[in-house]
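Undergrad: Following is a predicted model, sequence given first.
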Amino acid sequence: MLSKQAAVRYEIIFSPEAEADIAALKANDRAKALDGIETFLRFEPEKTSKSRIKRLRELQRPQYRLRIDDLRAFYDVSYTDDGDGVVEILRIREKSEAMEWLAEFGRREE
């Protein structure tokens, strides 16, 4: 079993749109969102669960959705040539706006 120190640590980057989304949140929602992203995506961003992390089917981008209370963080996971993991946060939307955003900006698999 791997210890926390030995676990692969993913780099987390924010798209300009996600940075704007974070900045627009109320302070307590911003803290919750950043804490959730750090807690759930730093070490196991591809570990899906019934309620928290969901792999988005039939979409090329975004690949995943993270649920943080009434917020949804959409993100992709990629790997560098060295095998380092990178999580790119694409957007952070309110639950009520999430499906509309996905329908407009989600990219279907070819």
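TA: Perfect, I can see it now. Numbering: from 1, shown residues only.

Undergrad: who does the strand or helix carrying Arg93 touch, helix- and strand-wise?
TA: Secondary structure assigned from DSSP states H and E places Arg93 in strand 85-94. Packing partners of strand 85-94 (3 or more Cβ pairs under 8 Å, 6 or more residues apart in numbering; DSSP states H and E): strand 11-14, helix 16-24, helix 27-41, strand 71-79, helix 95-105. No exception for glycine: its C-beta is placed from N, CA and C like everyone else's.

Undergrad: Show the contacting residues for the nearest residue to Tyr10 once chain neighbours are set aside.
TA: Closest residue in space to Tyr10, ignoring its immediate chain neighbours: Gly85 at 3.9 Å, by Cβ to Cβ, 6 or more residues apart in numbering. Neighbouring residues of Gly85 by Cβ atoms under 8 Å, 6 or more residues apart in numbering: Val8, Arg9, Tyr10, Glu11, Pro45, Val77, Ser78, Tyr79.

Undergrad: what does Phe74 give?
TA: With Cβ under 8 Å, 6+ apart, Phe74 has these contacts: 56, 62, 64-66, 89-93, 98, 101-102.

Undergrad: do Thr48 as well
TA: Lys54, Arg55, Tyr64.

Undergrad: Model confidence for it, exactly?
TA: For Thr48, the pLDDT comes out at 92.

Undergrad: please renumber so the chain begins at 20
TA: Sure thing, new numbering starts at 20, so read that last one as Thr67.

Undergrad: any idea how far Ala26 is from it?
TA: 17 Å (Cβ to Cβ, to the nearest Å).
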